[in-house]
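Peer 1: coordinates for the following, if possible.
(2 chains)
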Amino acid sequence: DVKVTQSSRYLVKRTGEKVFLECVQDMDHENMFWYRQDPGLGLRLIYFSYDVKMKEKGDIPEGYSVSREKKERFSLILESASTNQTSMYLCASSLEDREYFGPGTRLTVT
Amino acid sequence: GESVGLHLPTLSVQEGDNSIINCAYSNSASDYFIWYKQESGKGPQFIIDIRSNMDKRQGQRVTVLLNKTVKHLSLQIAATQPGDSAVYFCAEGKGAQKLVFGQGTRLTINP
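Peer 2: Okay, here's the model as predicted:
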């Protein structure tokens, strides 16, 4: 079974803090994704990566950056957290078509 | 101006009835389609997928139907159970490109 894990289920941070969200997958998948999910807005793609050290902007990259130093790990970075980044963050990985999701991190920025 | 989130479509069914959740997709060139189930506070879980060379695919208690003529996808759940309560997402993809997700439908089960 594919396993995608995220470093935290719940996280509370203050405005202006630098925040790291970590995602690890154990199936040697090439592709990894970061989404945020807000009520009524569905899944919105922030960044994705098709290979180590490679990254592509998704639909809403502003205020975020990513890092992929190893194939199994994809990190999402909020350089200076703001209250409008309070959301559910979902990581996913895939080999071809099907994306496998982690459990999500609910981030609250106060 | 302020953006307003969309209301999530909701489907209510009686326990034991069959559920049909519909999805319209946008890209006629998409060749891969997938349904996910997301329970409250959890990440989306794979239910079933189908490629464009098929019209129908069945799993355990679930069936996906694909109508390429009208760009429509549906998920049928047989004998709906309380554990089926969740938000259901469809997604479309083409080749190795990333998936494009629909807004989701909330399924609630009435006892």
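Peer 1: and the helix-or-strand element of chain B with minimal mean pLDDT with chain A, contact?
Peer 2: Here the helix or strand of chain B ranked lowest by mean pLDDT, DSSP states H and E is strand B:100-101, holding a mean of 91. Yes. Strand B:100-101 is in contact with chain A by Cβ under 8 Å from any Cβ of the partner chain, via B:Phe101. For glycine as for every other residue, the C-beta is placed from the backbone atoms N, C-alpha and C.
Peer 1: what lines up beside that strand in the sheet?
Peer 2: Paired neighbours of strand B:100-101 in the sheet (DSSP bridges): strand B:86-93 (antiparallel).
Peer 1: picking up where we left off before, can you name the residues in contact with the least confident helix or strand of chain B?
Peer 2: Residues from elsewhere that reach strand B:100-101 (Cβ atoms under 8 Å, 6 or more residues apart in numbering or on different chains): A:42-43, B:25-27, B:30, B:89-93.
Peer 1: quick check, nearest of those to B:Arg57?
Peer 2: Using Cβ to Cβ, B:Cys90 is the member of these that lies nearest B:Arg57, at 13.5 Å.
Peer 1: C-terminal to the least confident helix or strand of chain B, what's the next element?
Peer 2: Note on strand B:100-101: by DSSP states H and E, the next helix or strand toward the C-terminus is strand B:105-110.
Peer 1: so how far is that next one off the chain centroid?
Peer 2: 12 Å (Cα atoms, centre = their mean, to the nearest Å).
Peer 1: tell me what the most centrally placed residue in chain A is bridged to.
Peer 2: The residue lying closest to the centre of chain A (Cα atoms, centre = their mean) is A:Trp34, at 3.2 Å. Bridge pairing for A:Trp34 (DSSP bridges) gives the partners A:Tyr47, A:Cys91.
Peer 1: and if you look at B:Leu65?
Peer 2: Going by DSSP bridges, B:Leu65 is paired in beta bridges with B:Lys56, B:Ser74.
Peer 1: mind listing what it touches?
Peer 2: Neighbours of B:Leu65 in contact, by Cβ under 8 Å, 6+ apart: B:55-56, B:73-74, B:76.
Peer 1: quick check on the contacts of strand B:100-101: which are buried?
Peer 2: Taking 16 or more other Cβ atoms under 10 Å in any protein chain shown as the criterion, what is buried in those is A:42-43, B:25, B:30, B:89-93.
Peer 1: next one, pLDDT for B:Gly5 please.
Peer 2: Note for B:Gly5: predicted pLDDT of 41.
Peer 1: okay, now the closest residue to chain B within chain A: neighbour count?
Peer 2: Chain A approaches chain B most closely through A:Gly40 (2.9 Å), counting by Cβ to the nearest Cβ. By the measure other Cβ atoms under 10 Å in any protein chain shown, the count of residues near A:Gly40 is 11.
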